[in-house]
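[1] this one's sequence-less:
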């Protein structure tokens, strides 16, 4: 995958995050590409447009890996590779593509029942993987359910 194709995807992911702080940590991989990426992200962070973790790979090689900013601005806790983010809807398209790739490889079919793979959902015996991808399953909103607990 060329960096020119990867850049718009990474850039959109970067813009989806809120900025909280600036961390001038040295990138894990110091090469020309990594330093250019680092410079771009630092400028976004200084403009209060980014806060998060970045991992960029080219083919099978990681070319940039670095955390920027804070996980909790009140306590000035810096982000790290173990920081947890609530990504919400941004992951839906990646999950769908992953499922279609698994179907292409013959691992599963979108017409399979979800309960075949997640036995805890056996009481939802008529929901197919396709229903989850197309948001037609009828499952309750997990975020709303979490508020009850």
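    Yep, that arrived. Bear in mind that the values here come from a model prediction, so they are computed numbers and not experimental data.

[2] without its sequence neighbours, what residue ends up closest to residue 109?
    residue 103 (5.7 Å; Cβ to Cβ, 6 or more residues apart in numbering). To be clear about C-beta, it is placed using only N, CA and C from the backbone, and glycine gets the same treatment.

[3] now the element after the helix or strand of the chain with the lowest mean pLDDT, going C-ward?
    Lowest by mean pLDDT, DSSP states H and E among the helices and strands of the chain is helix 3-15, with a mean of 43. Moving toward the C-terminus from helix 3-15, the next helix or strand (DSSP states H and E) is helix 32-46.

[4] now do that following helix: which elements does it pack against?
    Other elements packing on helix 32-46 under the criterion 3 or more Cβ pairs under 8 Å, 6 or more residues apart in numbering; DSSP states H and E are helix 3-15, strand 52-58, strand 61-68.

[5] the most centrally placed residue in the chain and residue 40: what is the separation?
    When Cα atoms, centre = their mean is applied to the chain, the residue found nearest the centroid is residue 91 (5.7 Å). Residue 91 is 23 Å from residue 40, where distance means Cβ to Cβ, to the nearest Å.

[6] again, but for residue 117
    In terms of Cβ to Cβ, residue 117 sits 39 Å off from residue 40.

[7] for those two, indicate the residue with more neighbours.
    Legend: neighbour count by other Cβ atoms under 10 Å for residue 117 and residue 40, higher for residue 40 (16 against 10).
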